[in-house]
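Novice: no FASTA, just this:
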């Protein structure tokens, strides 16, 4: 039920080393149809990420400050130290963003998504304990989780959660899945058990939402926390 980074990552990764020249980086990005790639050392340890945005800093900085031969005053240049540094960069080591945001192959897909959101990045380098490159996981890889068929989702809910994980009577529960939205109807013995079922089903990969129409024979919510 738990989808990990290993399940969705790409293992054939385009990468460069720190001495890779600017033009070679640009060609690798274009040929690979990607917008960023890891920078690795001689032992394939990830030391940074270089992206289209890093390359475009050169033209952006030049256009912003050096149009028609204009050179900005010192204080303006000091306000954009990173922009200027990347604009002057000629190799992956000078252009890359470091340290790279990485993730373990054993991490959950949810963890990877949260890392991307927190750091505002579109992809993560997947590394082992020693930061050796193992793959890349992108937003697109994670979005694919929501393309699972309704029948596949329904089968997982019934077999892995209702029939196996809950350890309670779920014969009265009906599951319907349409476009990733799960509707639960029928009954369970206890209200607390129904709530647990809803939470667990909401974590199934591919589930967009859970509509809870379950009823219960015993409302045991008053006993929670006692």
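Specialist: Now that the structure is in, tell me what you want to look at. Small disclaimer: the values here were computed from a predicted structure and weren't measured.
Novice: Tell me where the chain has helices.
Specialist: According to DSSP state H, the chain carries its helices in the segments 5-8, 22-32, 52-65, 74-79, 81-88, 92-95, 109-119, 139-143, 150-156, 191-202.
Novice: can you list the weak-confidence ranges in this protein?
Specialist: For the chain, residues meeting the criterion pLDDT under 70 lie at 1-2, 58-88, 222-226.
Novice: returning to what we had before: could the helices of the chain go into CSV alongside distance to residue 176 and mean neighbour count?
Specialist: C-beta: built from backbone N, CA, C; applies to glycine. Formatted as CSV, the helices of the chain follow (distance: least, CB to CB, whole Å; neighbours: other CB atoms under 10 Å):
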stretch, distance to residue 176, mean neighbour count
helix 5-8, 26, 18
helix 22-32, 42, 14
helix 52-65, 44, 15
helix 74-79, 57, 10
helix 81-88, 52, 15
helix 92-95, 51, 22
helix 109-119, 24, 15
helix 139-143, 24, 15
helix 150-156, 7, 15
helix 191-202, 12, 17
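Novice: and the residue nearest the centre of the chain, what does it touch?
Specialist: What sits nearest the mean C-alpha location of the chain, by CA atoms, centre = their mean, is residue 113, with 3.2 Å. Applying CB atoms under 8 Å, 6 or more residues apart in numbering, we find residue 113 in contact with 139, 142.
Novice: go on, residue 13?
Specialist: 37, 38, 133, 135, 136.
Novice: separation between the residue nearest to the centre of the chain and residue 179?
Specialist: To residue 179, residue 113 is 20 Å away according to CB to CB, to the nearest Å.
Novice: Kindly report the same for residue 12.
Specialist: Separation of residue 12 from residue 179 (CB to CB): 32 Å.
Novice: And stretch 100-118, how far out from the chain middle?
Specialist: 5 Å (CA atoms, centre = their mean, to the nearest Å).
Novice: Ok, stretch 149-165 next?
Specialist: Distance, stretch centre to chain centre, for stretch 149-165: 24 Å (CA atoms, centre = their mean).
Novice: Quote the end-to-end distance of that stretch.
Specialist: Stretch 149-165 has its terminal residues 22 Å apart, counting by CA to CA, to the nearest Å.
Novice: what's in contact with that stretch?
Specialist: Stretch 149-165 is contacted by residues 1, 170, 173, 175-180, 182, 197, 200-201, 204, 206-207 when judged by CB under 8 Å, 6+ apart.
Novice: Recalculate using a threshold of 10 Å.
Specialist: With contact meaning CB atoms under 10 Å, 6 or more residues apart in numbering, stretch 149-165 is reached by 1, 146, 148, 166, 168-171, 173-182, 184, 188, 196-197, 200-201, 203-208, 210.
Novice: Now list the buried members of those.
Specialist: 148, 166, 170, 173, 175, 177, 180, 182, 184, 188, 196-197, 200-201, 204-207, 210 (16 or more other CB atoms under 10 Å).
Novice: In strands only, show me these.
Specialist: With strands defined by DSSP state E, the entries of the buried ones among the contacts of stretch 149-165 inside them are 173, 175, 177, 182, 184, 188, 210.
Novice: Without its sequence neighbours, what residue ends up closest to the first one?
Specialist: By that I understand residue 173. Leaving aside its sequence neighbours, residue 173 sits nearest to residue 186 (CB to CB, 6 or more residues apart in numbering; 4.7 Å).
Novice: For that neighbour, give its distance to residue 217.
Specialist: When residue 186 is compared with residue 217 (using CB to CB), they lie 12 Å apart.
Novice: Same question for residue 108.
Specialist: 34 Å.
Novice: who has more neighbours, the two?
Specialist: The neighbour comparison of residue 108 against residue 217 (other CB atoms under 10 Å) goes to residue 108, with 17 against 11.
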